[in-house]
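A.B. asks: okay, predicted coordinates and the sequence, questions at the end:
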Amino acid sequence: MAKDTGPDPGAPGVAGGRRGRHRARPVPGDRSARRLRSVLNIRSVAGQMFLLQVLVVLLLVVAAVVALLVESRSDRFAAARDRSLAAAEAFAHSPGLVATMQGPDPSAVLQPLTEAARKDAQVDFIVVTDRNGIRFTHPEPEQIGKKFVGTIGPSLEGRVTVEQVHGPLGLEYQVVVPVEDTHGGVVGIVSAGMKVANVSSAIDRQLPVVLGAGAAALGLATAGTALAGRRLLRQTHGLGPEEMTRMYEHHDAVLHAVREGVTIVSGDGRVLLANDEARRLLDLPPDAEGRAVSDLGLAPRTAALLRSADAVTDEVLPVGERLLAVNHRPTDTGGGPPGSVTTLRDSTELRALAGKAEVARGRLRLLYDASLAIGTTLDVRHTAEELAAMASREFCDYATVDLADAVLLGEEPPTLAAGAEVELRRVALAGIRDDSPLYPQGTFVRWAGSTPQAAGFVSGRPSLVPELATDAGWREQDVELTQAVLEFGLASLIAVPLTARGVLMGVACFWRGRDRDPFDEDDLTLAEELAARAAVSVDNARRYTREHTMAVTLQHSLLPRALPEQNALDVAHRYLPAQAGVGGDWFDVIPLPGARVALVVGDVVGHGVHAAATMGRLRTAVQNFSTLDLPPDELLGHLDDLVAHLDQEAAAAGGEPTITGATCLYAIYDPSTATCALARAGHPPPALLHPDGTVELLGLPDGPPLGLGGMPFEAVELRLSPGSSLVLYTDGLVEDRTRDIGVGLDVLTTVLARPGRSPQEICEAVLDALLPGRQSDDIALLVARTRVLEADRIAEWEVASAPEAVAEVRARATRKLAEWGLDEAAFVTELVLSELVTNAIRYAAEPIGVRLLYDRTLICEVSDAAGTAPHLRYAVADDEGGRGLFLVARLTERWGVRYTAEGKIIWSEQFL
């Protein structure tokens, strides 16, 4: 073999390690050839091991083949002997053999029987002879009658003979068995056997198989040896003994040069290796290697860890004044020798750094917890309480939050000059005890200009007071109180202003007692960060408070300030704005001519100022439309047109929200007839409580919400019993995120089904049962109990279409007013009726009627069948007429015209 096929110890690929090996990247074929040459290099350890293993395997294979051949030949002869013996014994003891042999022609009988038995037994011959050895049978018939070739003497004495002879068939392997009669006498012999050539040929047929198996075994052994050699080559990197020695020396030098201790302990607890760093860290004696760990004078915990069979990762072990980071691994986990390997690092300085890192991690965790716990609601006071509670649990012993009153109202506090007194209100106080002498929650405090609180609120800069007892500025606030604080045990203070978006809102103070370390600069930085995060939440709550207050103020200004006086209904109402923001729900009670009253409940989609402003516009529109005295369905039609027009303006302007989706329910109750006309536009149906306690949801036709257009509204007129209660509401009462509207309506009908309660009591009961815990929508509730105008306060007449009927009307009216005790109103009433009836007779059509209603006012109504109405105008000096309605307007409080299905009604009202 070529000498240069092995690696050169001095070449860069060996001495330079991995770097030299990667300089040239050979192709796969070259790499395989190089590995093969390295394996076959007899000078390398791998080559020597490969040659030795091949020789050993070859010898073992040859010995195995020879042994197999010998054993196979012996087994074949044993099998031939057993088969021949079994055939001879079976035939010799067959029934009737003795009689046949003593018969007149034994060959004729026995020849076919022996041939059949020979074939069944798979032997070459079965021969039967007499005592003299004369054959009765033979596979070759010409041999019958001839002398048997073989030894018959022992058989004549009753023994079995096994032998090889040269018979008629050649070299034969035969078994000779005696044939005995019933008395034990030998009458002949039976011989069975096989030719030796047939036995050897079977062995020869198996020999190629045996040799092939041996060759295959040799090939497999050679391949396994080659793989083992290649593995050894990889482990030794093709190095010879000299190179291996040099590598060991390098490894030993590195092991003792590293700044990490390494010890190897055997399974019986003896030190096998300890490098220089391990000796230094553990203070081992020079002769530590080879000695038991227990004899080295180590601490019990250290000795137990070195002998342990368990894995240990980065365990801190104190050894003298050092803190060692220990990693321990057993060596027998992968089939290696019993024992363990331990590495040690000096982590004394790392321990101090770890402590600082733990402190920093704790502060980051505090800030993270604060970001989750502070600002959960848009309430200024609750946000301040969250800050104080969080800080007192993890950062200090006591925490206080003082805010300006303007912040609590949603406003910005004024800017103060340096050194001025600061007036703040304590809105939060939390600590480890409840008996601290600090200003209690809710106290209005005037901080002196020299205190850290006032200085921080004016300048916007935090203040650190490590020792309160020596801070003169803080002690000037209140001598008695500051002394009580010191005696209580508080010793250190940090005052941080709450500033967000350039607005100074208050001061957060953090206090520590003497049993804790005083605040330092790191604590001041943490307090600033904590206060900054809380200040953003406080400012968000302040802005929300301002906007919510503005929206609520706007909403309340647009809702009815007080219900108008009227006698038709006994009305109670409730209005509850949403907790998260105002909405567009509204209600109204509008007196109408003829002692009638209109009830309105509506809901505008959305929340906020826009919804409140839209609600005011719709409420004003309903009031204006009601002055036209329109029926409910026509009024909703006009309101729908108005909403569609407003939406068109919003769409043209761009970016403004629309009103489409608003709902409304409009009802008109007439106490003179006890009837109620109702219509709705996408609104929940009203509930009617009868005097007997039964409740029903009125099945009004459900028109589309306002603004959709295209569909007419339909009104329903009902007759209500006196004392019935009409309940109108918005969907916020019966529908919630956690409750379906069907469930809410069922609860409403159940609560209402109790007669005998006033409208106020009904409102309270309904809200107690249906008000959600977290109200997310406005709630408007209107309960109206019906009254009926007594019959003796109504006067009606039909008037003939003749001028002389006017006098009769005046006379009847005078008498009726006298019955009612309204004599003072007789003159004006006669004049009004004369003018209105005269106009009806002249310009209108029959039938003509007159009705007087005595309610809170005196109402005069003149009805006719004409569809045209008179107009008020100023008559000039030469006009003959046109002054009647002018007089009616001057003498009465109000007058007007309303249209009916039959015509019109001209009415007037006089205050009594």
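C.D. replies: Thanks, I have the structure now. Residues are numbered from 1 along each chain as shown.
A.B. asks: element containing the residue minimising distance to the centre of the chain, please.
C.D. replies: The chain has L372 as the residue nearest its centroid, 17.4 Å off, counting by C-alpha atoms, centre = their mean. Using DSSP states H and E, L372 sits within helix 348-373.
A.B. asks: buried sites along stretch 818-835?
C.D. replies: For stretch 818-835, the neighbour count (16 or more other C-beta atoms under 10 Å) marks L822, A825, A826, V828, T829, E830, L831, V832, L833, S834, E835 as buried. Heads up, the C-betas are built off the backbone N, CA and C, glycines and all.
A.B. asks: what residues sit buried inside stretch 261-275?
C.D. replies: Quick answer for stretch 261-275 (16+ other C-beta under 10 Å): G261, V262, T263, I264, V265, S266, G269, R270, V271, L273, A274, N275.
A.B. asks: which one among those residues gets closest to G150?
C.D. replies: G150 lies nearest to S266 out of the buried residues of stretch 261-275, by C-beta to C-beta, at 74.0 Å.
A.B. asks: can you tell me how far the nearest residue in space to the closest one that is not next to it in sequence sits from H328?
C.D. replies: Among residues not flanking S266 along the chain, G339 sits closest, at 4.6 Å (C-beta to C-beta, 6 or more residues apart in numbering). Distance of G339 to H328, computed by C-beta to C-beta, to the nearest Å: 11 Å.
A.B. asks: then T838?
C.D. replies: With C-beta to C-beta as the criterion, T838 and H328 are 122 Å apart.
A.B. asks: between those two, which one's more packed in?
C.D. replies: Remark: of T838 and H328, H328 carries more neighbours, 22 against 17, as counted by other C-beta atoms under 10 Å.
A.B. asks: contacts only, for the more buried one.
C.D. replies: L305, L306, S308, D310, A311, V312, E315, S340, V341, T342, T343 (C-beta atoms under 8 Å, 6 or more residues apart in numbering).
A.B. asks: what bridges to it?
C.D. replies: V312, T342 (DSSP bridges).
A.B. asks: measure it to R280 for me?
C.D. replies: For H328, the distance to R280 - C-beta to C-beta - is 19 Å.
A.B. asks: rewinding a little: closest one of the contacts of H328 to T892?
C.D. replies: When the contacts of H328 are compared against T892 (criterion: C-beta to C-beta), the nearest one is E315, at 104.2 Å.
A.B. asks: that closest one touches S308, doesn't it?
C.D. replies: No. Counting by C-beta atoms under 8 Å, E315 stays clear of S308, with 10.4 Å between them.
A.B. asks: sec struct for the residue in the chain sticking out farthest from the centre, please.
C.D. replies: Distance from the centre of the chain peaks at P104, with 110.0 Å (C-alpha atoms, centre = their mean). The three-state assignment at P104 reads coil, by DSSP: H, G, I helix; E, B strand; the rest coil.
A.B. asks: same deal with G158?
C.D. replies: Classified using three-state DSSP, G158 is coil.
A.B. asks: nearest spatial neighbour of it, skipping sequence neighbours?
C.D. replies: Distances taken as C-beta to C-beta, 6+ apart place P178 nearest to G158, at 5.4 Å, with adjacent residues excluded.
A.B. asks: list the contacts for the one you found?
C.D. replies: A92, S155, L156, E157, G158, R159, V160, V186, G188, I189 are the contacts of P178 under C-beta under 8 Å, 6+ apart.
A.B. asks: from those residues, which would you call buried?
C.D. replies: The buried subset of those - by 16+ other C-beta under 10 Å - is A92, S155, L156, G188, I189.
A.B. asks: and the two most separated of those?
C.D. replies: Of all pairs in the buried ones among the contacts of P178, the most separated under C-beta to C-beta is A92 and L156 at 13.2 Å.
A.B. asks: pull up the overlap in contacts between these two.
C.D. replies: P178, I189.
A.B. asks: dump the residue contacts of the residue nearest to S266.
C.D. replies: I264, V265, S266, G267, L272, P330, T331, D332.
A.B. asks: from those, which is closest to P691?
C.D. replies: P330 (93.6 Å).
A.B. asks: quick one: residues contacting that closest one.
C.D. replies: Contacts of P330 (C-beta under 8 Å, 6+ apart): A309, D310, A311, P338, G339, S340.
A.B. asks: pLDDT score assigned to it?
C.D. replies: Looking at P330, its pLDDT is 89.
A.B. asks: strands of the stretch 651-800 of the chain, residue ranges please.
C.D. replies: With DSSP state E, counting those that start in this stretch as the definition, the stretch 651-800 of the chain shows strands at residue ranges 663-670, 675-681, 687-689, 695-697, 702-703, 716-719, 725-729, 779-786, 794-799.
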